[in-house]
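**Student:** Task: produce atomic coordinates for the following.
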Amino acid sequence: MEKQVAIWDAFPIYGYEGRSLIAKEKGCVTVPLKLELPEVFTLDAREYRVLQELFFNIINVLGPNRLLHRQDFFLQENYVPIPERLDGDMLERANEKHFEGRPFLVGSHYLYISIVPKNYMKYSSKRANSFLGKNRDFYLNNTIPEDFIDNGVLKDFEGQVESVNELINASGLIKSKILGYDELFSPNGLYAKYFGVCEKNANLTDVDFGNNSIHIGNKQGQFFTLENLDQFTKDHIGTHELYGKFTTRHNRFPIGNLFSLGFKVPHEHIINQYIHIPDQEKVLAGLRKKAKSFQRFATGKKDDSNSIYADQIYEYTKDVLENHKETVFYHLNVLGFADGRAEWKQMENSISAAFKKLKINAKRNTVDRKNLFFAGVPGNAVGISSDMYMPMPSDMAAALLYSEGRYRDPTRSVDGIRLVDRISGRPLSVSVYREPEEKDWIFNRGMLVASGSGGGKSYLANHYFASELRQGGEAIIMEDGNSYDKLTEVFGGTVLQHDDQRPFTFNPFLLDGHDVIETPNHGKRLTEGKLLFLITLLKLISGDKGNTNDPEVTNTILEILVTGYYEAMWTVDGPVLKFDTFFEHCKSHIGALVKEKGIPRKTFDPNVFLFLLEKYYADGPRGNLLNKEDDRISGLSDEKLVYFKLGKLIDNELLFPITALMIMDIFNKKMHDPTKLSINKILAVDEAWKALERPELTPYFNSQSRMARKLGGQPIFISQKVDDFTSSKLIKDAIVVNSHIKVFLDMRDFAQSFDKIQSIMGLGEKQKQLILSLNRDIPKDKKFREVAICWMDRVKVYGVETSLEEKCIYETNPTESGKIKKLYKKNHKKWELTAKAYAFENAPKN
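**Tutor:** From the prediction side, this is the model:
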C-alpha cells in the first residue's frame, strides 16, 4: 500500500516572502508571473518571430542557474445561464437555454522563474522531490541554502524578474504581471487550481499515485513526456508552423509550434515546459571534451560515426558562439485528465494524436508520474530531475513555448452579440463597436457585410439587429427581398412595401424641429443637413448627370433657390410648403437669377431644368410623389424598427433613388433626435445598391456618414455580390472608406481572386488569412457557420450559433421558410408558439 501523506507535508512550498515563493526542495526561490497570451489565430508570421525573439532575449537576460517553467492550464467550465438574459425576450431566453451546461476549455497561462543550485543538472531522479521523505522539523533549520540567503543575490534576482516582466509587456503581444499572495493561496488561487484540477471553486481532494497511475479526486491523469531529441521526427523547428486545415496555395496560415497541444485537445490538460539555463562556459567545455573523445576513437573513414558526431558538436558550438545563443536544457510534458475509462482512452488518443501532428513521439510516462506532478506545482520546478532534460539551443527552446491564448471576449455579459469561440463553441458576448470605439480600434461604426452565396449574411444580420434592438438600439432596414419580415413582427416593427395601387408619396419640403435653426438676429435658416438633402433631391429629379459642365454652378444655383424659397415662405401666414410652391418659386426667379449672374446656357439651362421638374408639379405625371406626406411614412423616425421592402422599386431608376434618399432623411432625423443620442441608430442597406451608384447622392451620403460618426449612427451595407463593393468607384468611396467594421462570411468562392478584394477593402495579410480560413475546420460536434469581423487593421473569427427558436425567426432559406409559414398558421399566427414548435420538431432525437 502506498504511503499516505497529509497535503501540508506534501505541499512543496515552504514560504512566501515579498513576491517570492520558497520551495522545500533545496530552498529554491521562485517568482510567479501570470501571462495573457495573444488570442488564438490572431498572430502572423512576423509576430511569431517577435515572440521567439522575446523569450530568446529573456533567456539571455536571466543568465546561468535560472529555471523557467511555463505552465498552461486548459480546464473545463460549463456555461451557466445569466439571470438577466433569462428574463429577456423569447429569443434571448431561448439562446440562454440552448447554451446551458455547455462544456468548454478555459486557458490560463503562467511563467515561473526560479534560482536553482549550481549543481542542479547532477541531480538524479532519486534526489528529485526529496522533501517528501522529510518531516516538518527538518525545515525549521534546513531550508534555504546560504547562496540564496544572500540579500544581494535575491535583490539581483528580483531585479531580473522585473526586467523580464517589463520585456514581456513591452512586446505588445503578451501581458504579464507578478502574482500576489491572494492570487496564489486563496480558495480560487493558483494552488487550488493545480491541486483541484478546476478553474474555479476547487475542492481539494486526494491525490493518489497508486496502481501505476495518478488520480486527483474522480479524475484520472496521464503524463506524456518529451525527454530527448530522438523523439523529434522532423529536422528543423522554426518560429512557427503552418496550420494544414487553413493553409492552401493561396493562403499560408501560421500557428505556434505547440498549437495542437492547446485548445485543439478537447480534454482537460496542463502543458508544462521547463528551460534550465546552465553556466555556458561549463556546458561548452563539456561539449568540447565530448567532441575530443569522439575524435580519439575515430577511424578516419568517410562514414565513421565518431567523426560525424565530433563534427556536429563543433558545428553546434560554432553556431551558438557566432549567433550569441545559449545552450539550455529543455523538457516538455502534458498532463491529461478524464472522468471514466472511456473518456480517459479518448483523452489519451487525443493527446497522442496532437503530438503526432507536431512530429513528436511522446512517451506515455507512468514511472515518473510523482516527480512530474510535484515538479508541476508552481514554485517547485526544481522537482524535474536532470535525466528528463534534453540539450538544445536557446532559440529552439524559445520557439517551442506555447503561444495561443483564449478569446478575451466575455462569456458572462448581457451586452454585445452572442457568438461562439470557433474552437470550443464557448458562448461569447462580442462588442461589435462599443469596445472597439473605446480602444480606438475604429473611429466610426460604419459596417460592411460581404458573403459568398449561401454564406449566411441575412442570418447574421437578423441576429445582430435582434441583439442591438434588445439593447435599446433602433433600426431602419432597406432590402430587395423578404429577409427581415419575421424579425420585424417579433419586435413589433413596421413593414413598408411599395405598391403600384398605393405608391409611396413624400413631402420633402415640410420642416420639423430638426430642420431649422435660429440665427443671431432672431431669424431662422435651414440646417446644413436639410439644405444638402434638398439640393441632392433636386439634382436627382432634374437629371443632373447631363445638365451641366460645372457641378458647383448647379449646387450654388440650387442653394440660392432653396434658401430663397424658404425666406419667401416664412414671410407669409400659413405657408404651404410642398414641391408645387417650390416649383412656382423657381419658375418666377430662376430666369432672372441666371441672367443676373451671367451664366451661359451651356453651363446651366434654366428651361431644361424647369422642364425636368415640371412632371412632379400639380397634375404632372409624378405630381403626387413630392407633394403629399404619406400617412405610412410620417412619424417613422420615432419607430424602433422600420423595414422597407423595395423589391418592386429596385429597378426603377427614377423612383428608387428618390425613395432611398427619403429613407436616408428619416434616418437623419433619428440621428439628430436628442433623446436618442445615447442609443445605436442603424441604417441597413441589404442588396439595395443602385441608389448609391448615382453620383448625385455621393455628397449627401458622405455627409450622412460624417454625421453618423458624431451622432451614434451605424450605416450597414450588406451584399452577397462582393463585386458590388469593388466594381464602382462611387460605392468604394461611399461605403468601403466609411466602413471601419468589415464583416466577412464564407468567401471560398473568391479564394483565387481575393487579392483584388483585399486591395480594394484595404485588408492586411492576417485579415486575408483568417477570412479565407472560414468554415474550414469546424468542430465535428458543433453546428455553426463562421464569421470574420475586421476592425480596421484587426480581425477575429467567431462561430454564429443560435438556438432553434432563433433559427425559426432568422431563417431565409425558401424551403425552410415555407415550413415555418405553415407552422405559423398552425400556431394561431403567434411567433413564440411557432418558434417553440419549430424547435421541438427539429431538436436532435436521442
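**Student:** Around residue 612, count how many other residues there are.
**Tutor:** Counted with other CB atoms under 10 Å, residues neighbouring residue 612 total 15. Every C-beta, even on glycine, is put in place using the N, C-alpha and C of the backbone.
**Student:** Which helix or strand in the chain has the lowest average pLDDT?
**Tutor:** Taking mean pLDDT, DSSP states H and E as the measure, the helices and strands of the chain show their lowest mean at helix 138-141, namely a mean of 57.
**Student:** Who is residue 33 paired with across the strands?
**Tutor:** Each beta-bridge partner of residue 33 is listed here: residue 111, residue 178, as defined by DSSP bridges.
**Student:** helix, strand or coil for residue 276?
**Tutor:** Using DSSP: H, G, I helix; E, B strand; the rest coil, the secondary structure recorded for residue 276 is strand.
**Student:** quick one, what contacts it?
**Tutor:** Contact partners of residue 276, counting by CB atoms under 8 Å, 6 or more residues apart in numbering, are 66-67, 116, 120-121, 328-330, 389.
**Student:** Relative to residue 569, how far out is it?
**Tutor:** Counting by CB to CB, to the nearest Å, the gap between residue 276 and residue 569 amounts to 88 Å.
**Student:** what's the answer for residue 180, then?
**Tutor:** As for residue 180, its distance to residue 569 is 72 Å (criterion: CB to CB).
**Student:** same question, residue 584
**Tutor:** As for residue 584, its distance to residue 569 is 11 Å (criterion: CB to CB).
**Student:** Same drill for the two, tell me which one is more crowded.
**Tutor:** Ranked by neighbour count (other CB under 10 Å), residue 584 and residue 569 place residue 569 first, with 17 against 13.
**Student:** all strands for the stretch 501-650 of the chain, in order.
**Tutor:** Secondary structure of the stretch 501-650 of the chain, counting by DSSP state E, counting those that start in this stretch: strands at 516-518, 524-526, 641-645.
**Student:** Tell me which of these sits nearest to residue 248.
**Tutor:** Residue 248 lies closest, by CB to CB, to one member of those: strand 641-645, at 39.1 Å.
**Student:** before we move on, back to that, quick check, nearest of the contacts of residue 276 to residue 438?
**Tutor:** Checking these against residue 438 with CB to CB, the nearest one is residue 66 at 39.3 Å.
**Student:** Surely the closest one is in contact with residue 114?
**Tutor:** Yes: the pair residue 66 and residue 114 qualifies as a contact (CB atoms under 8 Å) at a distance of 6.9 Å.
**Student:** Out of the strands of the stretch 501-650 of the chain, the one nearest residue 220 is which?
**Tutor:** Taking CB to CB as the criterion, residue 220 comes closest to strand 641-645 out of those, the separation being 53.6 Å.
**Student:** So this protein: which segments form each domain?
**Tutor:** 7-400, 508-629, 813-846 (automatic domain parsing).
**Student:** between the ones you listed, which gets nearest to residue 649?
**Tutor:** It is, among the domains of the chain and with distance given as CB to CB, domain 508-629, at 12.1 Å.
**Student:** Could you pull up the residues touching the residue lying closest to residue 678 once chain neighbours are set aside?
**Tutor:** Using CB to CB, 6 or more residues apart in numbering and skipping the chain neighbours, the partner closest in space to residue 678 is residue 712 (7.1 Å). With contacts defined as CB under 8 Å, 6+ apart, the neighbours of residue 712 are 445, 671, 676-681.
**Student:** Which of these fall in strands?
**Tutor:** With DSSP state E as the criterion, strands contain residue 681 from among the contacts of residue 712.
**Student:** Kindly reformat the contacts of residue 712 as TSV and extend each row with distance to residue 155, pLDDT and neighbour count.
**Tutor:** Shown next, in TSV, are the contacts of residue 712 (distance: CB to CB, whole Å; pLDDT from 0 to 100; neighbours: other CB atoms under 10 Å):
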residue	distance to residue 155	pLDDT	neighbour count
445	51	95	24
671	60	92	22
676	59	93	20
677	55	91	11
678	52	92	8
679	56	95	16
680	54	96	19
681	58	97	25
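**Student:** I figured residue 226 hits residue 359, correct?
**Tutor:** No: the pair residue 226 / residue 359 is not scored as a contact, 11.4 Å apart, by CB under 8 Å.
**Student:** Give me the pLDDT value at residue 688.
**Tutor:** Per-residue confidence at residue 688 stands at 74 (pLDDT).
**Student:** and if you look at residue 8?
**Tutor:** In the prediction, the pLDDT value recorded for residue 8 is 67.
**Student:** what's the answer for the one 4 residues further on, then?
**Tutor:** Note for residue 12: predicted pLDDT of 87.
**Student:** Report the separation between residue 119 and residue 392.
**Tutor:** Using CB to CB, one gets 21 Å for the distance from residue 119 to residue 392.
**Student:** quick one: which of these two has more around it?
**Tutor:** Set residue 119 next to residue 392 and count neighbours by other CB under 10 Å: residue 392 wins out with 21 against 10.
**Student:** right, and the secondary structure at that one would be what?
**Tutor:** Secondary structure state of residue 392, per three-state DSSP, is strand.
**Student:** Turn the contacts of residue 712 into CSV, columns for distance to residue 472.
**Tutor:** Conversion of these to CSV gives the following (distance: CB to CB, whole Å):
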residue, distance to residue 472
445, 15
671, 15
676, 9
677, 12
678, 8
679, 5
680, 8
681, 10
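**Student:** State whether residue 836 is indeed within a strand.
**Tutor:** No: assessed with three-state DSSP, residue 836 is helix; it does not lie in a strand.
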